[in-house]
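Novice: Quick one, fold the following:
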Amino acid sequence: MRARYIVLLCAFLGSAVGGCSGLGMMDLPPRVVSQPPADLALAKGVFHVAKTVKWTGPPEASPVRHAHLLAPADWIVCAQSSARDLSPVYAVFFNGDKMVDFRIAVEVDDCRRVPYALVAEPPAAPEVPTGGPLVPVRR
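Specialist: This next block holds a predicted model:
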């Protein structure tokens, strides 16, 4: 009698698990990804991080690559100070040319295995001419 219940329980559980296996076959909608950041936006973002976290050396960055699905943006760049022993590696996230977020890199960011290169400082914004000193006009 007891063996019969065990057989029925195993048959029920086996069919329940087998019946749910078709749920994973549904196609997910395609992921819409923004364009990768331009070199200027990348440099500005990395230098912003360097200034914010107060790195002592010039910043280095990895090549731009797709971010993982749990990331806050579409693209990721790993950045670090050239004085590597003084600062941790940071993950910098971009949606197109907009820097969305940055954080200390975690294992899923995969920043340990990527090559790094120095980042050229972005050019300063041109100054808008003010027209010189104000001179009173007599009428």
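Novice: The spatially most central residue of the chain in helix, strand or coil?
Specialist: By Cα atoms, centre = their mean, the chain has its centre lying nearest to Phe93, at 2.7 Å. Here Phe93 takes the strand state, with states given by DSSP: H, G, I helix; E, B strand; the rest coil.
Novice: per-residue confidence at it?
Specialist: Looking at Phe93, its pLDDT reads 98.
Novice: wait, isn't it in contact with Ile76?
Specialist: Yes. Taking Cβ atoms under 8 Å as the definition, Phe93 is a contact partner of Ile76 at 5.7 Å. Any C-beta I mention is one placed from the backbone N, CA and C, and that applies to glycine too.
Novice: Would you mind confirming that Thr56 is in contact with Ala83?
Specialist: Yes. Between Thr56 and Ala83 a contact is recorded at 4.9 Å, counting by Cβ under 8 Å.
Novice: Show me what Gln80 is bridged to.
Specialist: Glu60 (DSSP bridges).
Novice: Share the number of residues neighbouring the closest residue in space to Ser87 that isn't next to it in sequence, please.
Specialist: Leaving out its chain neighbours, the residue that sits closest to Ser87 by Cβ to Cβ, 6 or more residues apart in numbering is Ser81, at 4.4 Å. Per other Cβ atoms under 10 Å, the neighbour tally for Ser81 reads 21.
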